[in-house]
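Q: no sequence for this one, just the structure:
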DNA sequence: CGCATGTGGATTTTT
DNA sequence: TCCACATGCG
């Protein structure tokens, strides 16, 4: 094996981490320092230099994306690998699922091996059914989902009863019983149950390796602890400067917890290979005290700071700028636009579409977002697991699909197994005997006669039909690949679809699409691009003003994550006239934290002063006018004048005074201009 | 139904 | 901090 060549390519810090043999080791991996490379090298080194088999290693990540990257890179550097050796490689949840499925005695806690994984929505559905059946008094049901998702076990019985003085405590217990009865586990149940069963079952892996360890929450830390025996070595990698998800429950300061608990050795990877020196110098301004970060690249281009009149103008500028960059030879997929809030993406979508800039908005999408597939998955859930009453109930009583039976009647049928009262119900019940040999999607489609159960009058009919067919194809494909009996394979697919979302569906569609990526700063974590634009770096938006006087370190780290995504070119921009009320017109204080020698001052800036000055005058004039004469407002539609703009095309003038003009364009909607600067022409 | 009071969310999102 | 919505009493 070529692990020795592999080692030679590493720098001294990376090599030290790979070769380290202490019982516990915490690696402080700086941004862009080759964290994943070290992980892969470490795994290969253990396998071939230390003769540790892959099945003696547990390799944990937080996201499927990270897990897939590690597996892909591992497979490409070691082609002797067999997929079944990598059972212990994956997200915390999927490794817990594998353990519960294959080695841990789930019967001990009342489950059967064929249990299904459920998403939070379904857990909520079950809870609501329990509330209805047992007539429980639960306050604030609208927030029940949140309450269920947070770890109820941290509350004591008294706390739970006293908090709202309702039946929450009973609900939590009944819900747990019901999940066992229906043979279902929620995401957190996977970890909780694995933790419970690991008390009596010693797995004793030789190595536990964890990526992005700084994001661990309580359950995950417990999972690590339960997996680890005295003979297990622990190797964790992470970056305290990239903690941006603590609001989601990652424990505070995981690094020091681990260091203390396991007396871990601390190493660091300080060398950044990714960014040009200017970008890195700017990034250093946002590091926590004491962290060091070393670059090895040339200075590169300066950081550009620009101001725009409003988000729309910013988007138009970006469209032009990106077109230029692309013409100079940079592929679209090396360009990214980041923003703080999802809502900011709309204007980019609109403008980029109009300007034919290929783009892609990163949005999480699951099967549940497509109603017909949500229904279909539930149909399969009951078909493979007849204990899953809540799914059957949903399938029969859905208002859009199926037989659209009333909820009460459906409950009756499901509880008493009235096969004669519902054709669809009978089909789900007999699915295992009649469809176990299904070889293609048409067979299943015809068995269920789906045409009968999707509304033929609905405008979505054709789309729904296609969605069903493609999901059926995917299931068949999945089962074939896994070489499992059809029923088991389908059950397995359902678990995967809960755990891996719609990724299974979209797997290869997006990977190499040559398009500009639009995403929130949060979503940018772990990615890199040649050219990065961070937009809306306004006072009030970055850092986001939540409560006044909230000096939030996490916002600073978020901005740090954003700028360190850039390899060669970074542009920051802000608006002088933000559309949103809570956003102030000035630049973010983060911009002034960057030394001016790194920043390319733009001509726009001097004009910006004028604009702001003008804007102030205009607002004063407007206010004065309002005081003076309130009846003046309405304008008759008869004297609407037409104007045209170089970029936005033709439009109608809605409002006009000495300084401002408001125009409604055919394609771009309503826009406001300052007369002196607008390039409008009257027609 | 109307009104006073209670409750917690605002922004980011993975499994 | 303020706002939206749920609850509960009269």
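A: Now that the structure is in, tell me what you want to look at. Everything numeric in this text was worked out from a predicted model, so none of it was measured.

Q: Just after the helix or strand hosting residue A:95, pick out the following helix or strand.
A: Using DSSP states H and E, the element containing residue A:95 is helix A:92-102. Sequence order places strand A:116-117 as the next helix or strand after helix A:92-102, per DSSP H and E.

Q: helices and strands around that next one, which ones?
A: Counting contacts by 3 or more Cβ pairs under 8 Å, 6 or more residues apart in numbering; DSSP states H and E, strand A:116-117 packs against strand A:184-185, helix A:486-500. Where C-beta positions appear, they are placed from N, C-alpha and C, glycine not excepted.

Q: looking at those, which is closest to DNA strand B?
A: helix A:486-500 (4.5 Å; Cβ to the nearest atom of the strand).

Q: Now do that closest one against helix A:92-102: the angle between them, please.
A: Note on geometry: by axes from the mean of the first three to the mean of the last three Cα atoms, to 10 degrees, helix A:486-500 and helix A:92-102 are set 160 degrees apart in direction.

Q: Just list the residues touching residue A:358, thanks.
A: Residue A:358 sits next to A:332, A:513, A:514, A:515, A:516 when contact means Cβ atoms under 8 Å, 6 or more residues apart in numbering.

Q: again, 7 Å this time
A: Residue A:358 makes contact with A:332, A:514, A:515, A:516, according to Cβ atoms under 7 Å, 6 or more residues apart in numbering.

Q: Just the pLDDT for the closest residue to the last one other than its chain neighbours.
A: Once its chain neighbours are removed from consideration, residue A:516 has its nearest residue in residue A:359; the separation is 4.4 Å (Cβ to Cβ, 6 or more residues apart in numbering). As predicted, residue A:359 sits at a pLDDT of 91.

Q: Run through who's touching the longest strand belonging to chain A.
A: Counting by DSSP state E, the longest strand found in chain A is strand A:566-575. For strand A:566-575, the surrounding residues in contact (Cβ under 7 Å, 6+ apart) are A:274-276, A:279, A:300-301, A:303-311, A:314, A:528-538, A:563, A:585, A:587-588, A:591.

Q: Direction included, what does it pair against?
A: The pairing partners recorded for strand A:566-575 under DSSP bridges are strand A:303-308 (parallel), strand A:529-534 (parallel).

Q: wait, which of those is closest to residue A:87?
A: Set against residue A:87 and scored by Cβ to Cβ, those come closest in strand A:529-534, at 34.0 Å.

Q: Check residue A:501 and give its pLDDT.
A: 66.

Q: can I assume residue A:303 is in contact with residue A:599?
A: Yes - between residue A:303 and residue A:599 a contact is recorded at 5.3 Å, counting by Cβ atoms under 7 Å.

Q: neighbour count winner among those two?
A: When neighbours are counted by other Cβ atoms under 10 Å, residue A:303 and residue A:599 differ, and residue A:303 comes out ahead with 22 against 17.

Q: so what's the more buried one closest to, chain neighbours aside?
A: Counting by Cβ to Cβ, 6+ apart, residue A:303 lies nearest to residue A:570, which is 4.9 Å off, once chain neighbours are set aside.

Q: can you list the residues of the stretch 551-683 of chain A near DNA strand C?
A: Residues of the stretch 551-683 of chain A lying near DNA strand C by Cβ under 7 Å from any atom of the strand: none.

Q: For the stretch 551-683 of chain A, which residues score under the pLDDT cut-off?
A: Per-residue confidence of the stretch 551-683 of chain A (counting by pLDDT under 70) places the weak regions at A:551, A:579-582, A:601-640, A:646-647, A:657-660, A:667-669, A:672-679.

Q: any idea how far the residue of the stretch 151-300 of chain A found nearest DNA strand B lies from residue A:219?
A: Ranked by Cβ to the nearest atom of the strand, the top residue of the stretch 151-300 of chain A for proximity to DNA strand B is residue A:187, at 3.4 Å. Using Cβ to Cβ, to the nearest Å, we find residue A:187 at a distance of 10 Å from residue A:219.

Q: For the stretch 551-683 of chain A, just list every one of the helices.
A: Under the criterion DSSP state H, counting those that start in this stretch, helices of the stretch 551-683 of chain A are mapped to A:553-563, A:589-592, A:604-628.

Q: do the same with the stretch 201-350 of chain A
A: A:218-227, A:254-261, A:277-284, A:311-327, A:345-354.

Q: near DNA strand B, which residues of chain A?
A: Residues of chain A lying close to DNA strand B (Cβ under 7 Å from any atom of the strand) are A:62-65, A:91-94, A:120, A:139-140, A:143, A:146, A:149, A:163-164, A:187-188, A:244-245, A:247-248, A:340-343, A:364, A:499-501, A:519-520, A:522-523, A:544, A:546-547.

Q: Going through those residues, which ones are buried?
A: Buried members of those, scored by 16 or more other Cβ atoms under 10 Å, are A:62, A:64, A:91-94, A:187-188, A:244-245, A:340, A:499-501, A:519-520, A:522-523.

Q: coming back round to it: ranking the helices of the stretch 201-350 of chain A by burial, who's on top?
A: Mean neighbour count (mean count of other Cβ atoms under 10 Å) peaks for helix A:277-284 among those, with a mean of 23.

Q: now it, how far from the chain's geometric center?
A: Remark: helix A:277-284 is offset 27 Å from the chain centroid, using Cα atoms, centre = their mean, to the nearest Å.

Q: And the residue of chain A found nearest DNA strand C, how far from residue A:247?
A: Taking Cβ to the nearest atom of the strand, DNA strand C has its nearest neighbour within chain A at residue A:142, 4.1 Å off. Distance check for residue A:142 against residue A:247: by Cβ to Cβ, it reads 21 Å.

Q: domain assignment for chain A?
A: Using automatic domain parsing, the domains assigned to chain A come out as A:3-105+A:192-273, A:116-182, A:279-365+A:511-602, A:367-501, A:608-682.

Q: Lowest average confidence across those, which one?
A: Ranked by mean pLDDT, the domains of chain A bottom out at domain A:608-682, with a mean of 60.
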